[in-house]
Every structure is written in C-alpha cells, then in structure tokens.
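Novice: A structural model of the following input is requested.
(2 chains)
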Amino acid sequence: MALKIVKGSIDRMFDKNLQDLVRGIRNHKEDEAKYISTCIDEIKQELKQDNIAVKANAVCKLTYLQMLGYDVSWAAFNIVEVMSSSKFTYKRIGYLAASQCFHESTDVIMLTTNQIRKDLSSPNQYDTGVALTGLSCFVTPDLARDLANDIMTLMSHTKPYIRKKAVLIMYKVFLKYPESLRPAFPRLKEKLEDPDPGVQSAAVNVICELARRNPKNYLSLAPLFFKLMTSSTNNWVLIKIIKLFGALTPLEPRLGKKLIEPLTNLIHSTSAMSLLYECVNTVIAVLISLSSGMPNHSASIQVSLRSIQHYLGLLAMSKILKTHPKSVQSHKDLILQCLDDKDESIRLRALDLLYGMVSKKNLMEIVKKLMLHVDKAEGTTYRDELLTKIIDICSQSNYQYITNFEWYISILVELTRLEGTRHGHLIASQMLDVAIRVKAIRAFAVAQMATLLDNAHLLTGNTQRNGICEVLYAAAWICGEFSEHLEDPLSTLEAMLRPKVATLPGHIQAVYVQNAAKLFATVLRGQEGAPADRTVAQETSQLLIDRLPLFVQSANLEVQERASCILQLVKYIQKLQQKDVEVAEEVTALFAGELNPVAPKAQKKVPVPEGLDLDAWINEPPSESESEDEGRKPKGKAVFAKEESKHTKPRYTEVDEKELAKRREVRKAEQANNPFYIKASPSSQKVYQDGVGVEHIPVVQIDLSVPLKVPGMPMSDQYVKLEEERRQKDKADKKKKDKKKRREKGEKGRRRKGDSGPESEEDITPAHMVDITTEEMPENALPSDDDEKDPNDPHKALDIDLDKPLADSEKKLPVRTHRPDEVLRSPVDDGEGVEVVPELKKKSGKEKKDKKKDKDRKMCDIQGNLQDGSQVVVSVIFENKCDSFIKAMEFNVLDSLNSKLQRPEGAGPHDGLTVPFQLPPGISNEARFVFSVQSIVMPQKLKGTLTFIVKTDDSSTHEKLDFKLHFTCTSYLITTPCYSDAYAKLLESGDLKGSSLKLEGVSQPFHHLLARICFHHHFSVVERIGSCASMYSRSIQGHHVCLLVKTADQTVSIDAKCDEPGLLGNVLDEIKLTFSQC
Amino acid sequence: MIKAILIFNNHGKPRLSKFYEHYSEDTEQQIIRETFHLVSKRDENVCNFLEGGMLIGGSENKLIYRHYATLYFVFCVDSSESELGILDLIQVFVETLDKCFENVCELDLIFHVDKVHNILAEMVMGGMVLETNMNEIITQVDAQNKMEKSEFSSFFSLYRRLSFSLPGRTGRHRLVLQVPLLVPCLP
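Specialist: Numbering: from 1, shown residues only, chains lettered A, B, ... in the order given. A predicted model of the protein is given here:
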C-alpha cells in the first residue's frame, strides 16, 4: 500500500501540473490552440488512471482551461470522482471544478447527492465548508429538495464557520425549492441574533435578498432590524439593513419617522463613504414616503453628495426627482454641466435626469442646450442617445410640455441635419405624429416639409448613411396628405418627381409616387377653378407622364406597381382633359377622407363580441407557408393604419393580353427615348436582378465640408426668442389686466406686493390654440393592466406569508425521519383504518433498463399501487431475461424529503431491502415495497439501484442496475364513484379552485376518450350528456378532483376543479401528456 | 446578489472568472470580452460604475470595477448591492490577496488561479457576500492550507514545495507582471 502511494507520487512528478500547463501555454503563444489540444489529450489519459492524485491534478488543469473558454463538461464524471475523494486537498479541487462547470442540466449532478450529504455531516468543518461552497454554485431543485433538511440542521452547528455558510446557502435553497421557506424561516430569524457577527451578517444578507422581492412579508421583522441597526458595528451589515429599510418604508410610513433619527446619527458619525451614501439614499426614501416634503433638506444633502461621487449623486437625485421635482429643478445648471463630463456614465445619467426635469417653462431652454451638445458631441452613439432623449423629452406624456409646435417642428427639421444618425425613422414618426394629431400646425408643417423635399439632395448626399432618408418618407406623406395647405403644390410636385428620387430606398419611393398622385389631384383642383389655365393643368399631366416611367422601371415591386397604376390613370385623365372634361372633382375623390390617429393598442383592446370564437377555424387551416406571410407586414413605420384601398373607381389596369403586348412595345419605345433609363446591358440587368433596393446604383457623392443651412428653413433659436417675447408680452398684458382689476378692487382689498415671483406653469399659454387629437380607442375598450410580471421570476414563488403559524402538515414537509436531533415531529402514519382499496391497474411508471453490456439481463416493470393515508405500495415485477441465474437481489431507493422507502425497524436510512426470492433464467416474480409519502401535490422521481449477483456455471459476478421510480400525481388518485347530486353540491360549495386545459387534434371517439381518462387517470364518469361529461376522482389524502370534459371538432376542452390547485395542475399536465403520446 | 466576478489584465486576458449564474463557455468568453471592452476604454479618473453590458444583466445590473496596476477587478452586481460597498469589498479582496501572496502581482494570479479561487470562496459564496473581515478570511484560508499540507507525506510536501518554487518569476514580461497590485502606503 505504502509502496503504491510512493509510486503514485513519483508518477505524479512527471505529470504536468497546473503551473506547467500555464507556463506551457505562455510559451506557445503562436500555436496556443494546438498546444492546448495536446494538453487535453494528456489530461484524458490522466483521467483514465486509477490514482486519485493524478486525476485531481488533471481536474485542476481542466478548471483552468474552462476559464479560457474550453468546454470541459465531458469530464463531469471525473470531477465527481475527485469530489468524493477522502482527502481534503482533492475534494477541494473537485468541488471547485464542479462549481465552475456544473449547472442544472449536468446529468451527473444526481450522482452527487449522497456524496454531498456525507460531506455535509463530515466531522471536519472544512469538508463541510467546501461542500457548501460548491453546492451554492450548482444547487438544483432536486438537490435542494433532498438536502434542505441537512442544511437546516447545519444552521445550528456548533462552529460559526459552518453556521454562516449554511445560513447563506439557504437563500439558494429557497430559490430552488420554495416549499422550504416557511419551515426554515423561524430558524433563519433566530440567526439574526446569533452571537457570531459573521452568522448574523449572513442571516441579514439572506433576509435582505428575500425582502427585496417581496418586502411586505417581512415588515414584521422591522423591530428586530431596528435593534440591529442601532447595535451593529459591521458596516456591511448596516448597509444591508439600511437598504432593506429603504424598501420597507414605502409600505409602512410610521417606520420612516422612527428611522430619521438613527439615520441622521449614522450620517454624522460614520467615516465610511459607502455607509454614508446608503444612509442618505434611505433618508431620501423615507422623506418620499413621509411626503411631508422637506425639499430643502434633501436638496442640501444631495448637493454635498454631488461633490463626493458625481454618478451616485445623480442616481440619488433621480430618486428625489420622482416626488420632489421642484427641489431638483433648481439644479438644472449643474446637471447640464454634467453633460460636458467626459465620463459617459455620468452623461447618460444626467440625460435621464433632464427627462424628468422639463416643464412647460424650461423645455425650450433645455432642448436648446441639448441641441448645442448634439453639435459638439463626438461619437455617433452618444449623439444618437442625445437625439432620442431630445425627442423623448419633447414627446413625453402626450406633448404635455410643448407650448409651441412650430418650434418643435423646426427642432425636428434641424435634427435631420445630423450626419450619420440611425434614428431617421424616429424623427420621421414624430413628424407624422405631430402633423396628424395637431391640426393647427399642419399648414406650417406642410411648408416645412415642402422645403425639406426641395432640399432633399442635402439629406441624401451620401446614400451610405441613409438613416436620415426616412425623414423624406414623412415629408412626402405630409405634403401629399395635407396638400391643401401647400402654397405652391406644383413646385413640390416637381421636387417629388426628380430623377434623383430613384436613388432612395424603395419604401420611400413608393410613398413619393403615391403622394405625387395626391398632389396632382390638388393641382388639378386649383387650376380648374380658373378656366384660363387649362394648359397649365395639361402641362402638369404631361409632367407626370414624363416622369413616372422612371418609377415604373423600379426594381422595387411596390414602387413599380403604384407607378404604373398612377401612370395609366394620368394618361386617362389627360385624354379627358383634351376633351375639355372637368376631372378635378373625380380625381380628388380618389384621395378623399380623413385619417384618424389610432392608438397602437386599440386593436388589442377591441372586446370580442359575444358568440364569436376567434380560435375556431373558419375554413380548414391553411398550410404553414401561407400563414407566415401575414406576420411579416411591416410594423412601426406608420403611426396609423394606412388605408390603401381608397380607390372607388374601377381599376384601369385590367387589360387583355393583346393590349399588354402593345403597351410593352410602347414602353420599350419610351424607354429607348428616355435619357434617364439605363438601357438593358448585361451589367445593368444584374443590378436589377439582385438589387432589391437601389443602394447598389452608384451615385456621385457630394462632399459637403461646410454644414449647410437649408435655405428658407427657420432656426429653432428664433422661436426661443419669439417665445420669450411672447411670454413677456402675455405677462405684461396680464399685469395690466390685473392692475385694472386691482384698481377696481383696490379700495377694499389689500395690495399684494411683488408679483414678480416665478410664474407658475398655468401662466404660460400656448402660442396658438393647439388641439392635440387623442388617439382613437375602440368603444367599450377593455381596461387592461399592462404590468405583466415575468412569469419566470423565481422570486415569485417565494412570495409566501411567513407570519402565519406553521400548520402541522407543513412542519412535516421538509423533515427526514431518520434525523434524531430534529426538533420537529416526524411524520406519523395515519393510524385510522387502513382500508385496502381494490388493486388499481394503472402503471405509475414504467422503465425499461437495458444493461449496456452484451445482452439484456433483466427488466423491471414498476407498478404503483396505492393504499389509503400517506402510504403507497409499489409492486415491482422482476424478470430475468438472461441465461444466468440471478440471486441476492437488493433493492434500494434514495429517499427524498417527501417520499421514503419503509424499511424494517433498526435498518439505517440508506440500507437496501433484500428481495425475498431468486430468479432462474426467464422467470419473473413480483415484489412489493411500501413508501410513505408526505405531499401528493407534486409528481416525483425517485432514484434507486438494484444490486444482484449473476451466477453462471463457472463464475459469479456482482452487478448493479440503476432505475427511477416515477410517482405521478395521477397515481395518488383513487377511482371513487360519485352521484350526480353529491357532485353538484361539491361544485356549488365554492371550495374548489378551477383550471382548464385544451387538447387539439384528438380524433378518437368521445367514449374512447373518457375511457382513457378513466383508465389512465383513475376517474369515474358521473354523468354524460351528448359530447359532454362530468368526471370525478379522489386523492388518497381526500382531495376532490372534478372534471368537465367537452369535445367539439377534434378539440377537447377540460374544465377542472380541485381543492388543491397544485395537484390539479399536475394531474392536468399528465392528462395532456397521455393524449400527446397517443 | 453578485452575478459574476472577473479579473483580467490590461489586454483583456482573463486571470480569473467566476460566474454565479450559468452561461455556456462561449458566452462567458463573450462576456469577458465585452466587459473588457467597456471598462478598458474608460479614463483612470472617471467613476467606477457603469451600466449596460449587453450580455450580462441588462438594465438591472451594474459593473463595478477597480483598476490595480496591470489588472482590472470587475464585479457585476444587481440592484440589491451597495455600489460603494462593493467597491470596498474589491479593496478587501485585493488586500487579502496581497497578504496571502506577499506583495501580490499579476504573476501570482496567473500561476495560482486555484488559490485565488479558494480565497474568493471565503469571501463570496454563491453570489452572496460571506465575510468582509480580512483577518477572518486569512485565518480560514491558512487553516485550510495547513490541512492540505498535513495530508501529505514529507516526500510529497517536498515535491509540492519544489513545484511551487518552480514557476519562477522569469517570464518574458517579468517586469510588467511583477508590478505589485497594491502601491505600498507612503509614510
């Protein structure tokens, strides 16, 4: 033995250890990957050896490689081997490796349960410590359930080192196994007053984490924490407690008053900046909750904070801002200064603050400052951030703070001059939104957009950064839709039909074409009023006929279709014009009708009319590919649903083949004459074939070094000045009026002095009466709360009332019977008349296990049979499928908290049960085992092993077979007959909670279906009427389960009720599974 | 909760990574790269907090970091942790390393990442702060190291001592890597 150890050590000397590996990697900088792959091969060899030292060394190296990004999950089993070494050194290496690379889906984790349990109860405190540390990183729901009890015991360990680790890991256990929270909580609370500060700190940590998510459940602990806060000297603990109080005060205002004093004391006495900051933060929260408003106080605090740490000061300010906006607003200048800070974190925080600080009064000023920053800002990310913030600030709460929309439009127009921004579409949607919803602004907006269109070349100078072109989309649409406000529609029309437009992205061109038609209608109407100008009208038609062919040849389908449609229409109109027919009226009718803004959520909120089933198929379901197209409609570009089918006249494009051929000829001739048409050559063909957009067409870049001011565009600055003047004037007017009034009242009333105080919000009147149309909502829209919580949040499960005294049944839940030191009572079998129910035919689980060796040895069928109370009888059929004799079978199951194998008295908790027979080849026999079960709400899987000896003529070998026992919830149900009147009474009682299930594509006849549910899930039919049946079953613990099964067109809907919702949910899941398998 | 603890050098080479939530190896590497990218472009005299790693956390989480000589120590935490508290914790961590390694420098972390893990395990467990008292941490670490030594025969310990002294500070970048992380206090 000793020789072996020495030999192993010598072997090891020649192995590469971690340091050698690191050095090797550093020496192979050029071919690192290759070097590492040879190392991994070596490691694989090392892992195959028996020597645990070699294995541990290999695992240690793997941990390092994992950090470098190599997948080492293949070695998971070796890691478990190293973990189970008896030497602390190796165990530590193993647990470290496991904590780095194990996770919930690592399958070998289930092998570790017993090893971890052993380590937890090890006499060596560091074995326990290492196991706890490792477990904290890879705990799974199964491990949490199986080990919860062991860890709870460790919480009262004699060594504080173990206690603090055990307390801390409980949080992870709660997350994975929420049922353990209530039983463990009293002990956790005890630990808050543990003599060891480390344990105390751990308990505070855990409770703070818990309370952060569900603060209201922990209010009752406030006095205890209050005591801790005044007595503890550990800064870390204090910080945690103070943070916790910050979360609690909004729920309990009385707490706030009490806190102020000790917090102020701490603020004055502490030297730790971190503690000071958290104190101030909580004071702020307290002030907010008191809402007594001590703005001066908090303001002074945060100013002092600002000098400490910009970032945190700003963070704190944003908290104050929510309730005391005025006290922060006075620091506007400071915050604007922060925008100049070179630290991006601070700049972004400051921007956030600005968002909340604007008012009607200062909006223009703030935005003006921001615009300056936009010009200065380097780096597109930050500039884009500024741009979005400007738009956010202006548009917040339905343009609440905008008093002058002309100013806003000009801001938007100025923003279009930003180079290389990604947010063109954002500006565009703002333009559209304002133009549509603020009717008074339309004339101005249209004028601005017309200029923008006229100067489109400035925006599209470089098609590479075409983000900003999106603005033209909005501009073209606004000009077209509200063309009656245009001063000179003809020139705008001309601008929209410039050949350069063809370089824009397809969807913008499409809008251009469509809106050119609208403009055309306006032009016609304007000109037909004056009959002398007939010729002008005809010239306009000619203009369209000349220019539209360019779009007809567009590679974009949408553009092409619209252009050819409109081209034909214009040609027809031209014919009519030549016959001196008045057409303006009819052409205008094409685009008549008001568009109303519709709220984005409107569609969702339309209530479903009674009797309409939206899920029912109207026709047979279409194939996958067809339905896909529907989902692909572009979203978000337009603020409203655009109606495309406004055409009331019949389409002119319905032509027969001959006509088409003729037209094609004509078109070809036209194209030949058209100087803008790129004639068909192989290369240009290619462009059209694969270029869906037009980006590929080379465009001569106009390099503009000087930022251009678009001629004729008003600068937003002018508006700021104008607005100032206007306000002054308003104020003056008001004063005059007031004076007059006062003079009238003067004799009686006292004169108030100094009305030069800050003007209040209400004093500022909007520049023009602006009617902001609210977005339309459907009538009788359903009020819906949109705050959907994340259903996957693990903390939701921990929202448990902890003050309720523990019920007996709960005390039992996480307790293991074999722990002698348990304070809580061990479960006792219900002694009351164990009635034997007729044997059930349902199999609760069936596993076929194939040995991976040469041939099948044996197979076990597991049938779960139940008895009343909390006991379950499982009968197992052992069948010997091999040619050898099998004897000395031993059956063992790894107990869980919930289910335990009943072992004879005196047997240890891990001992196996001997199977009382031997199996000759080909023979099968049945053995029964009794399990006690605590909670039947959840399905369970128990792992177990069967060991046995295979005896052949000349030798006998020891073999092992792993299996799983699956306790489904169904297996806890007992078929119980029920009469319909009793059933009705049960449903009326109102004790039952409902749930439902829908199964689709079930083609079997209804009675088969019912039979299936009866057979597989132990229900009995109470009543059946047509395609509707009520069913009933009862659990071994007396829960009633009622089902109402309906079927229609291959769809089965099951409405279920039960007094235990958890059980019901699981039963329904199992029913669903049964039908999905058939 | 602490979501992750990362140590990497001025070039983004990871020296220690500890994730308290599971990510695939590829994602972990991406997170390290992204974090390095975010942290390294910041000036020395700006604040130690930043938001917005895409991969780890999103808006809930913050990165809190300190830069010591050649190494960045980055903690990714959620809103339940105090920013300045974590900053103090990083300092405690580095001072503990300094005590355990005697004038800790990057080279120590390169060759003894397992030891660094063991020290860290006494401070932070499963993403929660276990101990902030430096003396207590060092006591526990020393006790465990002593235990490790006692488990081996004299022959073996000789070997181990040899192997520890082997990775001498003779690397190519010796001078850079040997810069002590903690600047000695001036009198």
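
Novice: for residue A:1008, give its distance to chain B.
Specialist: 44 Å (CB to the nearest CB, to the nearest Å). Every residue, glycine included, has its C-beta placed from N, CA and C.

Novice: and the helix or strand where residue A:373 lies, what does it pack against?
Specialist: Element membership for residue A:373, per DSSP states H and E: helix A:363-376. Secondary-structure packing of helix A:363-376 (3 or more CB pairs under 8 Å, 6 or more residues apart in numbering or on different chains; DSSP states H and E): helix A:332-338, helix A:344-357, helix A:380-399, helix A:405-415, helix A:716-745.

Novice: tell me the helices in chain B, going along the chain?
Specialist: B:25-40, B:83-101, B:106-111, B:113-123, B:134-150, B:154-165, B:174-177 (DSSP state H).

Novice: and for the stretch 451-600 of chain A?
Specialist: All helices of the stretch 451-600 of chain A, identified by DSSP state H, counting those that start in this stretch, fall at A:456-459, A:470-481, A:489-496, A:506-528, A:534-552, A:557-578, A:584-590.

Novice: closest to residue B:131 out of those helices?
Specialist: Checking these against residue B:131 by CB to CB gives helix A:470-481 as the closest, at 55.9 Å.

Novice: pull the closest one out as CSV, backbone CA atoms only.
Specialist: Provided in CSV are the C-alpha atoms of helix A:470-481 (Å, rounded to 0.1, in the frame of the first residue of the first chain):
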residue,chain,number,x,y,z
GLU,A,470,-36.5,58.1,-43.6
VAL,A,471,-37.4,61.7,-42.9
LEU,A,472,-38.3,62.1,-46.6
TYR,A,473,-40.8,59.4,-46.1
ALA,A,474,-42.6,61.5,-43.6
ALA,A,475,-42.1,64.7,-45.6
ALA,A,476,-43.5,63.3,-48.7
TRP,A,477,-46.5,61.8,-47.0
ILE,A,478,-47.3,65.0,-45.1
CYS,A,479,-47.1,67.1,-48.2
GLY,A,480,-49.3,64.7,-50.1
GLU,A,481,-51.9,64.2,-47.4
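
Novice: which elements pack onto that helix?
Specialist: Helices and strands touching helix A:470-481, by 3+ CB pairs under 8 Å, 6+ apart, are helix A:424-437, helix A:442-454, helix A:456-459, helix A:489-496, helix A:506-528.

Novice: what's the neighbour count on the residue nearest to residue A:925 when sequence neighbours are not counted?
Specialist: Nearest non-adjacent residue to residue A:925, counting by CB to CB, 6 or more residues apart in numbering or on different chains: residue A:917, 5.3 Å away. As a burial measure, residue A:917 scores 13 neighbours (other CB atoms under 10 Å in any protein chain shown).

Novice: give the contact list for residue A:917.
Specialist: Applying CB atoms under 8 Å, 6 or more residues apart in numbering or on different chains, we find residue A:917 in contact with A:889, A:925, A:927.

Novice: from what I see, residue B:63 and residue B:36 are in contact.
Specialist: No. In this structure residue B:63 lies outside contact range of residue B:36 using CB atoms under 8 Å: 10.8 Å.

Novice: look at the two and report which has more neighbours.
Specialist: A count of neighbours by other CB under 10 Å puts residue B:63 above the other of residue B:63 and residue B:36, at 24 against 20.

Novice: dump the helices of the stretch 451-600 of chain A into a markdown table; add mean neighbour count as well.
Specialist: Below are the helices of the stretch 451-600 of chain A laid out as a markdown table (neighbours: other CB atoms under 10 Å in any protein chain shown):
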| stretch | mean neighbour count |
| --- | --- |
| helix A:456-459 | 18 |
| helix A:470-481 | 28 |
| helix A:489-496 | 22 |
| helix A:506-528 | 24 |
| helix A:534-552 | 19 |
| helix A:557-578 | 19 |
| helix A:584-590 | 16 |
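
Novice: of the ones you listed, which is nearest residue A:58?
Specialist: Smallest distance to residue A:58 across those (CB to CB): 58.5 Å, for helix A:470-481.

Novice: list of residues touching the closest one?
Specialist: The contact list for helix A:470-481, computed with CB under 8 Å, 6+ apart, reads A:416, A:424-425, A:427-429, A:431-432, A:435, A:442, A:445-446, A:449-450, A:452-453, A:456, A:459-460, A:486, A:492, A:496, A:504, A:507-508, A:511-512, A:514-519, A:595, A:637.

Novice: and residue A:592, how far is that from chain B?
Specialist: From residue A:592 to chain B the distance is 47 Å (CB to the nearest CB).

Novice: neighbours of that residue, just the number please.
Specialist: Neighbours of residue A:592 (other CB under 10 Å): 9.

Novice: quick check: phi and psi on it?
Specialist: Backbone torsions of residue A:592, given as degrees, to the nearest 10, read phi -70, psi 160.

Novice: any idea how many residues pack against residue B:34?
Specialist: Residue B:34 - counted by other CB under 10 Å - has 16 other residues nearby.

Novice: quick check, pLDDT for it.
Specialist: If you check residue B:34, the pLDDT there is 87.

Novice: how close does it get to residue A:228?
Specialist: Distance from residue B:34 to residue A:228, counting by CB to CB, to the nearest Å: 39 Å.

Novice: secondary structure element for residue A:111?
Specialist: Counting by DSSP H and E, residue A:111 is part of helix A:109-120.

Novice: related to what we said a few turns ago, among the contacts of residue A:917, which are in strands?
Specialist: Using DSSP state E, the members of those that fall in strands are A:889, A:925, A:927.

Novice: ranking helices and strands of chain B by mean pLDDT, which lands last?
Specialist: None of the helices or strands of chain B scores lower by mean pLDDT, DSSP states H and E than helix B:154-165, at a mean of 47.

Novice: swap that for chain A, please
Specialist: Least confident helix or strand, chain A: helix A:682-690 with a mean of 40, by mean pLDDT, DSSP H and E.

Novice: and the residue of the stretch 801-950 of chain A closest to chain B?
Specialist: Residue nearest to chain B within the stretch 801-950 of chain A: residue A:802 (18.9 Å; CB to the nearest CB).

Novice: count the neighbours of residue A:1026 for me.
Specialist: With other CB under 10 Å as criterion, residue A:1026 counts 8.

Novice: ah, wrong one, I meant residue A:108
Specialist: Number of residues near residue A:108 (other CB under 10 Å) recorded here: 15.

Novice: contact partners for the residue nearest to it when sequence neighbours are not counted?
Specialist: When the adjacent residues along the chain are set aside, residue A:108 lies closest to residue A:76, with 4.6 Å between them (CB to CB, 6+ apart). By CB under 8 Å, 6+ apart, the contact list for residue A:76 reads A:101-102, A:106-108.

Novice: those residues in helices, which ones?
Specialist: Using DSSP H, the subset of the contacts of residue A:76 located in helices is residue A:101.

Novice: got the contacts of residue A:76 as CSV, with distance to residue A:65 and pLDDT columns?
Specialist: Shown next, in CSV, are the contacts of residue A:76 (distance: CB to CB, whole Å; pLDDT from 0 to 100):
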residue, distance to residue A:65, pLDDT
A:101, 10, 89
A:102, 16, 90
A:106, 17, 85
A:107, 21, 85
A:108, 19, 87
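
Novice: weakest of the helices and strands packed on helix A:470-481 in terms of mean pLDDT?
Specialist: Among the helices and strands packed on helix A:470-481, helix A:456-459 carries the lowest mean pLDDT (a mean of 72).

Novice: so which residues on the stretch 101-250 of chain A come close to chain B?
Specialist: A:103-104, A:124, A:126, A:129, A:132-133, A:136-137, A:139, A:161, A:164-165, A:168-169, A:171-172, A:197-198, A:201-202, A:205-206, A:208-209, A:212, A:234-236, A:239-240, A:243 (CB under 8 Å from any CB of the partner chain).

Novice: and the angle for the helix holding residue A:373 with helix A:344-357?
Specialist: 160 degrees (axes from the mean of the first three to the mean of the last three CA atoms, to 10 degrees).
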